[in-house]
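Asks: Need a 3D model of the sequence below.
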Amino acid sequence: MATSLCLLYLLLFLTCRLTISMSEMVLLPLTHSLSKTQFTTPHHLLKATSARSAARFRHRNHRHKQVPLPLSPGSDYTLSFTLGSPSSPTISLYLDTGSDLVWLPCSPFECILCESKAPALSSPLNLSSSATAVPCKSSACSAAHSSLSSSDLCAIARCPLDYIETSECNSFPCPPFYYAYGDGSLISRLFKDTLTLPNSFSVQNFTFGCAHTTLGEPVGVAGFGFGRLSLPAQLSSVSPHLGNRFSYCLVSHSFNSDKVRRPSPLILGRYEEKEKQFGNENVEFVYTDMLPNPKHPYFYSVGLEAISVGKKNIPAPENLKRVDRKGSGGMVVDSGTTFTMLPARLYDSVVTEFDHRVGRHYERASEVEETTGLSPCYYYDKVARVPVISLHFAGNGSSVVLPRRNYFYEFLDGGDGVRKKRNVGCLMLMNGGDEEELIGGPGATLGNYQQQGFEVVYDLEKREVGFARRKCSSLWDSLKN
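Replies: Model (predicted):
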């Protein structure tokens, strides 16, 4: 009998250990929303994407009380899951590290001025019978309403005064809230339901925004920024080791949809032991500290010390090295912006040095610059020689060397009967405006195009961001098997 009990306890212990080890990491596929049908030419694609990046960045500095959201699906990554029962239809949302709310279109759904937008990635959600409205007195309701007090919110929800005073407003739902962003807006209500990820991992009482009306935005957002309503924060409340650290590895695509047929891995939690098990290449991360932002607490801001072009080191302005009390400065690491945005003075210095090294060898492609919104661009015959660009972070002296394809986009121009077909390459960094225009918001943004081919780690416990060069499709294969 004693032997049987010992074996039973041993079996239970091993089962618990297995459950814990299996839950140390959750691997999810990110799908690129790049579509050949949406853009007829590389010029159209680049123009739309550069305009979108600029609008998103500038919106943060002029309407900073609202959460910044993606503007159009030119070059974003989507995450899929279900709400309600696991058999419910799958929902696809943009992954956004620059906001802290999960919201999605709900039926009946109306998107105003969406004729020029790409079609929705999934059908509007029909709330399940298990979905419940978030009460007006909850902290989640207060978070959605920019920390407005629960008493004020319950008053708006028409909860009687005596109920407010005795905290008995549970039956009164959180009032609708308004979010505005670059070229659109939405009105949403908060609900709770069971969220199930593709690997069957589920979170009960998951809080999300349900929008019946939006302006210019047919697709919802899975916010991964700091904040109690973000997806990592809600995971952390259930399973801290999954919500306190996440990373993604964006497969390099160069705007070629054939290259994004493989998913980009999104990794929740830690996976070091599993990686060693498959004998992956030796990977070294460089880390830089996150900078707290009192005005925009959902941002993952880091300090930028300098940018080097070849051997030329170009110091960053002081406001990129820190974030002040007004929320100005720093560089935001953002999955929802395509191209890296730099303040005008730093951008001009980088472009001047880049053009000094490249422009003396190749003809400037001025017409391409006008049609794509990118600059400088050059015509070349076979292989263009361009200098290496590196980012140097403030604090611990860490640096990241960008792969050539992450900052110099090469494609064929012409061949349309008007101009002859020629090779052209463009610098993929953008001018974010004068420093005076950036007061009250980020000084720069590190876009997802420059993050391709890196595993980017967000360690929320240690408050640091890490970068390591990876073969992202191989990483997916090794972790999935």
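
Asks: quick one: low-confidence parts of this protein?
Replies: 1-23, 34-75, 118, 181-183, 254, 256-260, 272-281, 415-417 (pLDDT under 70).

Asks: Now do the contacts for residue 450.
Replies: 339, 340, 402, 406, 407, 428, 429 (CB atoms under 8 Å, 6 or more residues apart in numbering). Bear in mind the C-beta positions are built from the backbone N, C-alpha and C, glycine included.

Asks: Hmm, the fifth one is touching residue 430, no?
Replies: No - shown here, residue 407 and residue 430 do not form a contact pair, counting by CB atoms under 8 Å, at 11.1 Å.

Asks: Any chance of TSV for the contacts of residue 450, columns distance to residue 441 and secondary structure?
Replies: Formatted as TSV, those follow (distance: CB to CB, whole Å; DSSP: H, G, I helix; E, B strand; the rest coil):
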residue	distance to residue 441	secondary structure
339	17	coil
340	16	strand
402	24	coil
406	24	helix
407	24	coil
428	22	coil
429	18	strand
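
Asks: Those: which two are farthest apart?
Replies: 339 and 402 (12.4 Å; CB to CB).

Asks: If you count surrounding residues, which of these two has more?
Replies: residue 339 (28 against 22; other CB atoms under 10 Å).

Asks: show me what contacts residue 290?
Replies: 300, 301, 302, 463, 464, 465.

Asks: quick check, nearest of those to residue 175?
Replies: residue 300 (29.5 Å).

Asks: Would you mind measuring from that closest one to residue 355?
Replies: 31 Å (CB to CB, to the nearest Å).

Asks: got it, and residue 204?
Replies: Residue 204 is 56 Å from residue 355, by CB to CB.

Asks: neighbour count winner among these two?
Replies: Remark: of residue 204 and residue 355, residue 355 carries more neighbours, 17 against 11, as counted by other CB under 10 Å.

Asks: looking at it, the more buried one is touching residue 376, isn't it?
Replies: Yes - using CB under 8 Å, residue 355 is in contact with residue 376, at 5.3 Å.

Asks: Can you give me the neighbour number for the closest residue to residue 131 other than its chain neighbours?
Replies: Nearest residue to residue 131, sequence neighbours excluded (CB to CB, 6 or more residues apart in numbering): residue 193, at 4.3 Å. Residue 193 has 24 neighbouring residues, counting by other CB under 10 Å.

Asks: and residue 193, what does it touch?
Replies: 83, 84, 127, 128, 130, 131, 132, 205, 206, 208.

Asks: and which of those residues is nearest residue 95?
Replies: residue 208 (14.6 Å).

Asks: so what's the closest one bridging to?
Replies: Beta-bridge partners for residue 208, by DSSP bridges, are residue 191.

Asks: Now do it against residue 81, distance only.
Replies: From residue 208 over to residue 81 (counting by CB to CB), the distance is 10 Å.

Asks: Looking at those two, which one has more neighbours?
Replies: The residue with more neighbours, out of residue 208 and residue 81, is residue 208; 30 against 22, by other CB under 10 Å.

Asks: how much space between the more buried one and residue 115?
Replies: Where residue 115 is concerned, residue 208 sits at a distance of 27 Å (CB to CB).

Asks: Please apply the same query to residue 457.
Replies: 40 Å.

Asks: Of those two, which one has the most company?
Replies: residue 457 (20 against 7).

Asks: so where do the strands sit in the stretch 151-300 of the chain?
Replies: Along the stretch 151-300 of the chain, the segments classed as strands by DSSP state E, counting those that start in this stretch run 177-181, 184-196, 202-215, 221-223, 245-249, 264-269, 286-291.

Asks: looking at it, residue 94 is touching residue 101, isn't it?
Replies: No - with contact defined as CB under 8 Å, residue 94 does not reach residue 101; the gap is 11.9 Å.

Asks: Looking at these two now, which is surrounded by more residues?
Replies: For residue 94 versus residue 101, neighbours defined as other CB under 10 Å are more numerous around residue 101 (27 against 22).

Asks: re earlier: tell me which of the contacts of residue 450 is nearest to residue 176?
Replies: Looking across the contacts of residue 450 and measuring by CB to CB, the closest to residue 176 is residue 339, at 33.7 Å.

Asks: Quick check: phi and psi on that closest one?
Replies: phi -100, psi 150 (degrees, to the nearest 10).

Asks: Do I have it right that it meets residue 430?
Replies: Yes - with contact defined as CB under 8 Å, residue 339 reaches residue 430; the gap is 4.9 Å.

Asks: quick one on the thing from earlier: ok, and the most crowded of the contacts of residue 290?
Replies: residue 301 leads those on contacts (other CB under 10 Å) with 28 neighbours.

Asks: Can you give me the neighbour number for the closest residue to it other than its chain neighbours?
Replies: With CB to CB, 6+ apart as the criterion, residue 301 has its nearest non-adjacent residue at 3.6 Å, and that residue is residue 330. Residue 330 is flanked by 29 other residues according to other CB under 10 Å.

Asks: what's near enough to touch the nearest residue to residue 247 once chain neighbours are set aside?
Replies: Distance criterion CB to CB, 6+ apart; nearest residue to residue 247, sequence neighbours excluded, is residue 457 at 4.1 Å. Residues near residue 457 by CB under 8 Å, 6+ apart: 245, 246, 247, 285, 287, 465, 466, 467, 468.

Asks: In CSV: the residues you listed, plus distance to residue 188.
Replies: As requested, the contacts of residue 457 are arranged in CSV below (distance: CB to CB, whole Å):
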residue, distance to residue 188
245, 28
246, 24
247, 29
285, 37
287, 35
465, 29
466, 33
467, 34
468, 37
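
Asks: and of those, the nearest to residue 322?
Replies: residue 465 (15.5 Å).

Asks: That closest one: which element?
Replies: Assigned by DSSP states H and E, residue 465 falls within strand 464-469.

Asks: which residues are contacting that strand?
Replies: By CB under 8 Å, 6+ apart, strand 464-469 touches 247, 283-290, 300, 302, 333, 400, 403, 453-459.

Asks: Quick one: buried ones out of those?
Replies: Buried by 16 or more other CB atoms under 10 Å: 247, 285-290, 300, 302, 333, 400, 453-459, out of the contacts of strand 464-469.

Asks: Please enumerate the helices of the stretch 351-481 of the chain.
Replies: Taking DSSP state H, counting those that start in this stretch, the helices of the stretch 351-481 of the chain run over residues 366-372, 448-451, 472-480.

Asks: and the second one, how far from the chain's centre?
Replies: Put plainly, it is helix 448-451. 10 Å (CA atoms, centre = their mean, to the nearest Å).

Asks: What of the last one?
Replies: Distance of helix 472-480 from the chain centroid (CA atoms, centre = their mean) equals 20 Å.

Asks: Show me what it is packed against.
Replies: If you count contacts as 3 or more CB pairs under 8 Å, 6 or more residues apart in numbering; DSSP states H and E, helix 472-480 packs onto strand 25-32, strand 245-249, strand 264-269, helix 272-277.
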